[in-house]
Each structure stands twice: as C-alpha cells, then as structure tokens.
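1. predicted model and sequence below, questions to follow.
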Amino acid sequence: MTVTGRLPPRKSTENTRNDQFLAAHPGADMAREGRVAELRRLVADGQYRVDSGRLAIKILARALRDRAS
C-alpha cells in the first residue's frame, strides 16, 4: 500500500480482457478507432459529459469484483 492508501495497479503477464476481445473480433480495433475519434471530437467541442453516477457505479463494481478474485 502506498502513502495515499491505494494499492498499486496489478501487473499481469497474461492478455487483458481487451486484448482477448480484439483477438476474437477482427475489425473491432477499427471500430474502436472510430469511437475514439468521435470522443476526441466531442471533447474538443466541449460536448462530452461524463455521467458521474454511472462512472462511480462502474468503479465500485470493478473494485469489488477485483477484490473478490
């Protein structure tokens, strides 16, 4: 544990879920590039807004899931 009370991120030698998804779905990386480009445009235009409640739920769910494993 660090001074901030947070654990450092786990380093894994195995493929991440994202790597596994992209390997199993050819062309998905192109779709992802399109989504990233669209998000960049929205951020630059000031039109992208993060739903803080939804983000908090995802963060909490992931933390609880990771802690259980």
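-> Received, thanks.

2. figure out how far stretch 41-56 is from the centre of its chain.
-> 14 Å (Cα atoms, centre = their mean, to the nearest Å).

3. name the helix or strand of this structure that has the lowest mean pLDDT.
-> Least confident helix or strand, the chain: helix 17-24 with a mean of 70, by mean pLDDT, DSSP states H and E.

4. helix, strand, or coil at residue 26?
-> Three-state assignment for residue 26 (DSSP: H, G, I helix; E, B strand; the rest coil): coil.

5. quick check: phi and psi at it.
-> Phi and psi for residue 26, reported as degrees, to the nearest 10, are phi -60, psi 140.

6. please apply the same query to residue 29.
-> The phi/psi pair for residue 29 (degrees, to the nearest 10) reads phi -70, psi -30.

7. what stretches of this structure score poorly on pLDDT?
-> 1-15, 18, 21-22 (pLDDT under 70).

8. mind redoing it with 90?
-> Residue ranges of the chain with pLDDT under 90: 1-33, 49-50, 66-69.

9. just the helices from it, written as ranges.
-> Remark: helices assigned in the chain by DSSP state H are 17-24, 28-44, 52-68.
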